[in-house]
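# quick one, structure for this:
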Amino acid sequence: MTLRPVDKLRTSQAHGPRKSWSDVALNAWGVLVFVFLFAPIIVIIVSAFNTGRLLVAWDGFGFDGFVALLAKPAIRDAVWVSIQTGAIAALVATVLGTLAGIAMARHPGKWVFWFIGLLLLVSVTPEIVDAVALLPWLVFLGQDAGLALFNDGIVRLVVGHSLFATAVVSYIVRARLVGLDAQLEEASADLYAKPLATFRRVTLPLAMPAVLAGFLLSFTLSLDNTIIAAFVQVSGTTPWPVYVLSALRSGLRPEIASVSTIMLVLTLVALGLVALVLRRAGDSATQIARTMTGN
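Numbering: from 1, shown residues only. From the prediction side, this is the model:
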């Protein structure tokens, strides 16, 4: 039976427009890119449940690697040092970065250009350069200058981890406030509110979504910091990334993958909370992406 032109049109509409070879190739390439990016993560998650002696040799499915987090003091201490350092470094970076971001957004001028340039310098400087510079400086402060505070391993890690994180928080808070009108703060000043009251009741609530986002991002950045931590850490305060680095000499064990999986979950939860906070503040998906990248 021969189809009429009207029937052919209906049939083509029912099946949708045909994709060209370029669309198919681009879709396939996109899938390959995602596989390339996320396959190592999937492998490490699967390896976390390996009961074998080494990470590369699968012996069976189990939870021995997760139990090792509680059974082995070295692993437990390394994870605790990382979490403790991350929380303190995130707090320090959030306070300093929030003040810097508010100042750049609400008091623009020529100084902002130079200040952003300094922040960019901190952001693009290789971590190995920061590590090499920090080590003798902290040694000088702790030993030569007699400031015993800088001999503490946690303090050293917090100083090293908060450098880059402070710049990130500054970008995020500034990006948040630049897009908001300052009329509310001006109205508060017209009503004879003191500057501190205006900051606490108007400016800070406006910036709070970005402040929380900056805190959570700073925490995740601290968990991932390896190079600076390897230089400035002292005996007894070895963070988790440095512990993993040292474990390469004797071979990676499944508990490394198990704890890394837990760290991955913590990172994803933190990023999810960032997106949730910004979404509840009324930001669109594009605005959330811009805020998290400091644009």
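
# model confidence for the spatially closest residue to residue 81 that is not a sequence neighbour, exactly?
Excluding its sequence neighbours, the residue lying closest to residue 81 (C-beta to C-beta, 6 or more residues apart in numbering) is residue 239, at 4.8 Å. Using the backbone N, CA and C atoms, a C-beta is placed for each residue, glycine as well. The per-residue pLDDT reported for residue 239 equals 90.

# neighbours around residue 239, how many?
Neighbour count for residue 239, taken as other C-beta atoms under 10 Å: 29.

# pretty sure it is touching residue 82, no?
Yes. Because the distance of 4.4 Å satisfies C-beta atoms under 8 Å, residue 239 is recorded as touching residue 82.

# show me the contacts for residue 71.
Going by C-beta atoms under 8 Å, 6 or more residues apart in numbering, residue 71 touches no other residue.

# ok, now with 10 Å
64, 255 (C-beta atoms under 10 Å, 6 or more residues apart in numbering).

# so what's in contact with residue 239 and residue 82 at the same time?
157, 161, 222-223, 225, 229.

# need these in TSV (columns: distance to residue 194 and neighbour count).
Below are the shared contacts of residue 239 and residue 82 laid out as TSV (distance: C-beta to C-beta, whole Å; neighbours: other C-beta atoms under 10 Å):
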residue	distance to residue 194	neighbour count
157	38	28
161	35	29
222	35	29
223	39	24
225	39	26
229	42	28
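
# buried ones in the helix or strand hosting residue 167?
Per DSSP states H and E, residue 167 falls inside helix 153-178. Using 16 or more other C-beta atoms under 10 Å as the test for burial, helix 153-178 gives 153-177.

# in the stretch 51-200 of the chain, which spans are helices?
64-71, 73-106, 110-124, 127-139, 153-178, 183-190, 195-198 (DSSP state H, counting those that start in this stretch).

# the residue nearest to residue 81 touches residue 86, doesn't it?
Yes. Using C-beta atoms under 10 Å, residue 239 is in contact with residue 86, at 8.8 Å.

# shared neighbours, these two?
157, 161, 222-223, 225.
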